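Asker: model this:
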Amino acid sequence: MAVDPSSQPATAVEALETLGRLSLRQLSMEELLQTVARLAGSVLPGAPETSVTLLDRGRPTTVVHTGPLALELDETQYEQDEGPCLHAARSGEVTEIADTRTDARWPDYARRAVDRGSLSSLSVPLRVDEDVTGALNVYARRAEAFDDAARAAGAGFGSYAAIAAGNLYAYRRARSEADNLQAALESRGVIDQAKGILMERYRLTADQAFQLLTRASMGANRKVRDIADQLVHTGELPVTLPGAGGRRPRPPSGRPTPRAPGDS
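Answerer: Take a look at the predicted model:
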């Protein structure tokens, strides 16, 4: 269930209460994270745009954002490898720029922010995983937009964002591992098929058949799986094997000889 735009909360307290009523059964991870960003942008001061940055093994990406300003300022920092959102994500410190026109910590970023109309910002760090950190970023259009109440609200939104981002990352990692396992099983299947063809054709053992595939792989500078796939679909190994009499092994017209190509 997404938040109804026609009944947006009027205060940060109401927005946090709205988040507290949501559950993972109602929203996907992406939807929940987008909802956090949208609600934060709707109630925090300075007419802000918001985003969530994740650093996966040090590599930054914006997973959700509420407008082009937030996305552009995130990407500016990624290009320069510095700025408030990256500092928050890397250090675990809440990072605020009260006035981008006078802040001297990241001058290149500050100039871009001023040009784009963001005069202050707040980045709340997110601890997602041992290998993944992040930040909830709030880019306000007026200077000194954040008081103590706004900072406290930002920390509250950050808590929800960290939970959503952690679940999103865990889901994506599990999905990737499942896809990798499926690919590995498919590779093993085609390799076993290719071994069976060679074992029958040349009266080889399973180890000898795999060694033959390995030699073909090295000779062609291709993966064993690709060599096996070609053999299964064409009946041929793609390279001439040393010791095979200059011939590529092909299905013999008669009964196969009881030795592997290259055996003496």
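
Asker: pLDDT below threshold where in this structure?
Answerer: In the prediction, the chain carries residues with pLDDT under 70 at positions 1-8, 10, 23-27, 168-169, 171-177, 179-181, 239-264.

Asker: which parts of it are helices?
Answerer: 12-21, 29-43, 68-80, 84-91, 107-116, 148-202, 206-220, 224-234 (DSSP state H).

Asker: now do the contacts for the residue lying closest to residue 106 once chain neighbours are set aside.
Answerer: Nearest residue to residue 106 in three dimensions, chain neighbours excluded: residue 83, at 5.0 Å (Cβ to Cβ, 6 or more residues apart in numbering). (Each C-beta comes from the backbone N, C-alpha and C, glycine too.) Each residue near residue 83 by Cβ atoms under 8 Å, 6 or more residues apart in numbering is listed here: 73, 76-77, 106, 109.

Asker: if we can go back for a sec, the helices of the chain: which one's closest to residue 133?
Answerer: Across these, residue 133 has its closest neighbour in helix 84-91 (4.8 Å, Cβ to Cβ).

Asker: which residues does that closest one contact?
Answerer: Helix 84-91 is contacted from outside by 51, 53-55, 60, 73-74, 77-78, 93-97, 105-106, 109, 121, 123-126, 133-135, 137, using Cβ under 8 Å, 6+ apart.

Asker: that helix: which residues count as buried?
Answerer: 84-90 (16 or more other Cβ atoms under 10 Å).

Asker: as TSV, these with distance to residue 159 would be great.
Answerer: Shown next, in TSV, are these (distance: Cβ to Cβ, whole Å):
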residue	distance to residue 159
84	19
85	17
86	20
87	20
88	14
89	16
90	19
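
Asker: which among those gets closest to residue 144?
Answerer: When the buried residues of helix 84-91 are ranked by distance to residue 144 (Cβ to Cβ), residue 84 comes first, at 14.9 Å.

Asker: where's that closest one relative to residue 163, distance?
Answerer: Distance of residue 84 to residue 163, given as Cβ to Cβ, to the nearest Å: 22 Å.

Asker: coming back round to it: can you say which of the contacts of helix 84-91 are buried?
Answerer: Neighbour counting by 16+ other Cβ under 10 Å classes 51, 53-55, 60, 73-74, 77-78, 94-97, 106, 109, 121, 123-126, 133-135, 137 among these as buried.

Asker: need the contacts of residue 83 in JSON lines with distance to residue 150, can you?
Answerer: Formatted as JSON lines, these follow (distance: Cβ to Cβ, whole Å):
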{"residue": "73", "distance to residue 150": "18"}
{"residue": "76", "distance to residue 150": "23"}
{"residue": "77", "distance to residue 150": "21"}
{"residue": "106", "distance to residue 150": "21"}
{"residue": "109", "distance to residue 150": "21"}
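
Asker: out of those, give me the two with the largest separation.
Answerer: Between any two of the contacts of residue 83 (Cβ to Cβ), the greatest distance is 11.0 Å, for 73 and 106.

Asker: confirm for me that residue 137 is in contact with residue 121.
Answerer: Yes. Here residue 137 lies in contact with residue 121, judged by Cβ atoms under 8 Å, at a distance of 6.7 Å.

Asker: so what sits against both of these two?
Answerer: 73, 84.

Asker: gap between residue 232 and residue 189?
Answerer: Distance of residue 232 to residue 189, computed by Cβ to Cβ: 10 Å.

Asker: could you do residue 41 as well?
Answerer: 49 Å.

Asker: same deal with residue 34?
Answerer: According to Cβ to Cβ, residue 34 and residue 189 sit 39 Å apart.

Asker: for residue 89, same thing?
Answerer: From residue 89 over to residue 189 (counting by Cβ to Cβ), the distance is 41 Å.

Asker: cool, residue 61 as well?
Answerer: Separation of residue 61 from residue 189 (Cβ to Cβ): 34 Å.

Asker: between the helices of the chain, which gets nearest to residue 101?
Answerer: Smallest distance to residue 101 across those (Cβ to Cβ): 5.6 Å, for helix 107-116.

Asker: and residue 232 and residue 189? Which one has more around it.
Answerer: When residue 232 and residue 189 are compared on other Cβ atoms under 10 Å, the one with more neighbours turns out to be residue 232, at 16 against 13.
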